[in-house]
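> got a predicted structure plus its sequence, pasted below:
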Amino acid sequence: MTPPQPTRLCIVRHGETAWNAEHRVQGQLDVPLNAVGQAQALAAAKVLATEKFDVIYASDLSRTQQTAAPTAAALALPVRIEKGLRERHYGIFERLTYAEVKQKFPEDYARFDAREPDYDFRTGESLKAFSERSISVIERIANANLGKNILVFTHGGVLDMLYRNITGLPLSAPRDFGIPNAGLNRVELAAGSWQIRGWSEVAHLDNALDDLRG
């Protein structure tokens, strides 16, 4: 009996925004791509359009949909909007630069910087809750498209949670892997087990920021 085909996902972080360049916390605020990000979206599309995908998903924020648009047009596939793919909700940090946060909310910044799993920015989302949401939506997308090639446009935080879940790296551990804007990240689900097949691919880019805090 032929074993079932693995489910393959290529997961792309959105292109650069002005707030990325300013080290300003976006979270779930709807910030569009800047000119660099638009160029990155086109560069990613040149690579992704040469591959076979059965379905495309993106978060409901404009920066992911703008990143997805050139690839979706080239592949003649619709983009399925999935709100669960949104970035982490950073609560009181949103709109501020990390330097401003450190000055204005030093105790909160220290808890964030220490990656306390239950710290939720007072009005935002804890790492623990964010991880559960991120893993749940990726698993739901995979299980709805078993044996297919899936293209997902999302945010750096979701990729952070997925990498940790697959590799077993604790939520509280410093980040020691890249998540650049418009980078390509490939994972596979086979026989109920997840594997990373490629991470932080940036050969298609001239440059890419990795502005997420570790």
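That came in fine, so what should we check first?
> tell me, what residue is most central in this protein?
residue 155 (2.7 Å; Cα atoms, centre = their mean).
> shaky segments in this structure?
1-3, 212-214 (pLDDT under 70).
> pull the longest helix from it.
helix 127-144 (DSSP state H).
> wait, what's in contact with the residue nearest to the centre of the chain?
Residue 155 makes contact with 13-14, 59, 61, 64, 85-88, according to Cβ atoms under 8 Å, 6 or more residues apart in numbering. (Each C-beta comes from the backbone N, C-alpha and C, glycine too.)
> at 10 Å instead, please
By Cβ atoms under 10 Å, 6 or more residues apart in numbering, residue 155 lies in contact with 13-14, 26-28, 59, 61, 63-64, 85-88, 134, 179, 212.
> in helices, which of those fall?
Those of the contacts of residue 155 lying in helices (DSSP H): 63-64, 134.
> which one of those is nearest to residue 175?
residue 134 (14.4 Å; Cβ to Cβ).
> my guess is that closest one meets residue 82, correct?
No - the criterion here is Cβ atoms under 10 Å, and residue 134 misses it with residue 82 at 11.4 Å.
> give me the more crowded residue out of these two.
Taking other Cβ atoms under 10 Å, residue 134 and residue 82 do not tie; residue 134 has more neighbours (25 against 19).
> pull up the gap between the more buried one and residue 205, please.
Note on residue 134: its distance to residue 205, by Cβ to Cβ, to the nearest Å, is 24 Å.
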